[in-house]
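Visitor: can't give you the sequence, but here's the structure:
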């Protein structure tokens, strides 16, 4: 039976399989390599998936009701200062394209993880600014809204 934990695992696997342009660090985990951030400085990402709401969506008996969880995946794409903003946006755009209007985690009835594509609710690349205390990194955040339908 699908659940939020399974959806997080599915989203991670989807990102790892579809985005290989830079190493990705995930919430509450050790970095993917011993020298972190990468040295010499090169692009890297930090991925977070946060559930914002969870509510009953359909009728049925307990144990057979459709629920809807919504939230955001935020992939912060960091590049060394001086990397170039156009190249930085192109790298972030790869994450945007990967998730745009996709449905995954839907192998069983009533379960699906959808990445929004409705007007005003699709993935977006949100600006960029220095995100490090030492000022050596420049970051842009790709925000991907999601809907998780599941039965419980």
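Guide: Cool, the structure landed. Bear in mind that the values here come from a model prediction, so they are computed numbers and not experimental data. Numbers count the residues shown, from 1 in each chain.

Visitor: quick one, what contacts the most far-flung residue of the chain relative to its centre?
Guide: Distance from the C-alpha centroid of the chain peaks at residue 61, with 32.6 Å (CA atoms, centre = their mean). By CB atoms under 8 Å, 6 or more residues apart in numbering, the contact list for residue 61 is empty. Where C-beta positions appear, they are placed from N, C-alpha and C, glycine not excepted.

Visitor: that one and residue 126, how far apart?
Guide: According to CB to CB, to the nearest Å, residue 61 and residue 126 sit 42 Å apart.

Visitor: helix, strand or coil for the residue farthest from the centre of the chain?
Guide: When classified by DSSP: H, G, I helix; E, B strand; the rest coil, residue 61 comes out as coil.

Visitor: which residues does the most centrally placed residue in the chain bridge with?
Guide: With distances taken as CA atoms, centre = their mean, residue 73 lies nearest the centre of the chain, 3.4 Å away. Legend: beta-bridge partners of residue 73 under DSSP bridges are residue 49, residue 144.

Visitor: give the contact list for it.
Guide: Neighbours of residue 73 in contact, by CB under 8 Å, 6+ apart: 11, 47, 48, 49, 50, 99, 115, 143, 144, 146.

Visitor: tell me which of these is nearest to residue 57?
Guide: Closest approach to residue 57 among the contacts of residue 73 (CB to CB): residue 146, at 14.4 Å.

Visitor: let me know the secondary structure of the closest one.
Guide: Three-state call for residue 146 (three-state DSSP): strand.

Visitor: contacts for stretch 28-38?
Guide: Contacts for stretch 28-38 (CB under 8 Å, 6+ apart): 23, 24, 25, 44, 78, 137.

Visitor: how far does that stretch sit from the chain's center?
Guide: 18 Å (CA atoms, centre = their mean, to the nearest Å).
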